[in-house]
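1. Turn this into a model:
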Amino acid sequence: MAYLFLATGYEPLRRWGQKTGGRCGWAIGEEGRKGWLSLSTANRESFESGREGLRALGKRGLRPPATRTTAGALGLTQALEAVWPKALRLRCGFHKMPNLQQKVPAQAWSEVQAVLGDRRAAPTQEEGEKRRDAMVERTQRELPEVCRCLRDAANATLNPRAVPNRHQHYVRTSSLVERAFVEERRRTKALPHLWTEGRVVHLVFGVLIRVSDRWGKKCFSEFEQQQLRSLRAPLKLDEQDVSIDEPSSSVPPPRSAASAA
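-> Take a look at the predicted model:
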């Protein structure tokens, strides 16, 4: 497995007047084939539920990914750190930008957005770090919350530069399944009898299985596959990872300073 993605979509559970989460895992393999890996319910993206789901994937024989793309849920991020700590963490830009926008005055957003785009377009990770640091230094006084978020997710937002150039737009976001979640929500709005968790899972499964049927095409060249192998080697991803077999009663890691923003 080359690239792992995790996202949770929340659907209405009418019996209880609340929503339940469907956590979906999917991946892009080393040949470029996309694959749907898992679907489970989760009322919140906690460390315990995230770790349980990841261990289940490991026990099915899934190799550690080179990258892992998620939104900013702290519990799920910590679970990934515990199970696959060597994989590069990537922060989903689809979720990151709206969170940043909420911390910026409306009249200043277009300017900040342009600066963020310039940083994202940096030719190398080192250049991206320089542009980020320059932005933080320039706007620290006026936009302290934005600067804090940029520092907290510093590596996660620049790590896409570590993968082959043509793959960077694949790994930046979790939009591959987010589009499927949009289709689910379109259907759930019109369904009056979505009462039980089983019905929610049935609906989500039906949408995702139809999407995944179109994902089987190989799209990475031999050269790109060699680039991926070169990325995995320095990360030592193929060494035995004992975290999958740790007892489930182990204590979660301490809360990190990273923000969910």
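2. Quick check: pLDDT value at Val242.
-> Reading off the per-residue confidence, Val242 sits at a pLDDT of 47.
3. what about the protein, any weak spots by pLDDT?
-> 14-17, 183-184, 187-195, 216, 240-261 (pLDDT under 70).
4. From Trp26, how far off is the most centrally placed residue in it?
-> Central residue check for the chain by C-alpha atoms, centre = their mean: the C-alpha nearest the mean position is that of Thr70, 1.5 Å away. Distance check for Thr70 against Trp26: by C-beta to C-beta, to the nearest Å, it reads 12 Å. (Glycine included, C-beta is placed from N, CA and C.)
5. circling back to that earlier point, which strand residues bridge the residue nearest to the centre of the chain?
-> Taking DSSP bridges, one finds Arg91 as the beta-bridge partners of Thr70.
6. was I right about it contacting Thr77?
-> Yes. The pair Thr70 and Thr77 qualifies as a contact (C-beta atoms under 8 Å) at a distance of 6.2 Å.
7. Show me the common contact partners of the two, please.
-> In the contact map built from C-beta atoms under 8 Å, 6 or more residues apart in numbering, the residues linked to both Thr70 and Thr77 are Arg89.
8. hmm, back to that, got any residues that touch both of Thr70 and Trp26?
-> Taking C-beta under 8 Å, 6+ apart as the contact criterion, the residues that touch both Thr70 and Trp26 are Phe5.
9. Quick one: residues in contact with stretch 146-163.
-> In contact with stretch 146-163 (C-beta under 8 Å, 6+ apart) are residues 3, 66-67, 72, 88-91, 93, 96, 99-100, 103-104, 112, 120, 122, 124-125, 128-129, 132, 135-136, 139-140, 168, 171-172, 228, 231, 257-259, 261.
10. mind listing what's buried in that stretch?
-> By neighbour count with 16 or more other C-beta atoms under 10 Å, stretch 146-163 contains the buried residues 146-150, 152-154, 156-163.
11. And stretch 120-138, by the same measure?
-> For stretch 120-138, using 16+ other C-beta under 10 Å, the buried residues are Arg120, Ala122, Gly128, Glu129, Arg131, Arg132, Met135, Val136.
12. now do stretch 75-88
-> Buried residues in stretch 75-88, defined by neighbour count with 16+ other C-beta under 10 Å: 75-84, 86-88.
13. Put the alpha carbons of that stretch into PDB.
-> What follows is stretch 75-88, C-alpha atoms only, in PDB (Å, rounded to 0.1, in the frame of the first residue of the first chain):
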ATOM      1  CA  GLY A  75      -8.000  11.000  18.400                       C
ATOM      2  CA  LEU A  76      -7.600   9.400  14.900                       C
ATOM      3  CA  THR A  77      -4.300  11.200  14.400                       C
ATOM      4  CA  GLN A  78      -3.000   9.800  17.600                       C
ATOM      5  CA  ALA A  79      -4.200   6.300  16.700                       C
ATOM      6  CA  LEU A  80      -2.300   6.500  13.400                       C
ATOM      7  CA  GLU A  81       0.800   7.600  15.200                       C
ATOM      8  CA  ALA A  82       0.500   4.700  17.600                       C
ATOM      9  CA  VAL A  83      -0.100   2.000  14.900                       C
ATOM     10  CA  TRP A  84       1.900   3.300  11.900                       C
ATOM     11  CA  PRO A  85       4.300   5.900  13.300                       C
ATOM     12  CA  LYS A  86       6.800   5.800  10.400                       C
ATOM     13  CA  ALA A  87       4.200   6.700   7.800                       C
ATOM     14  CA  LEU A  88       4.200  10.400   6.700                       C
END
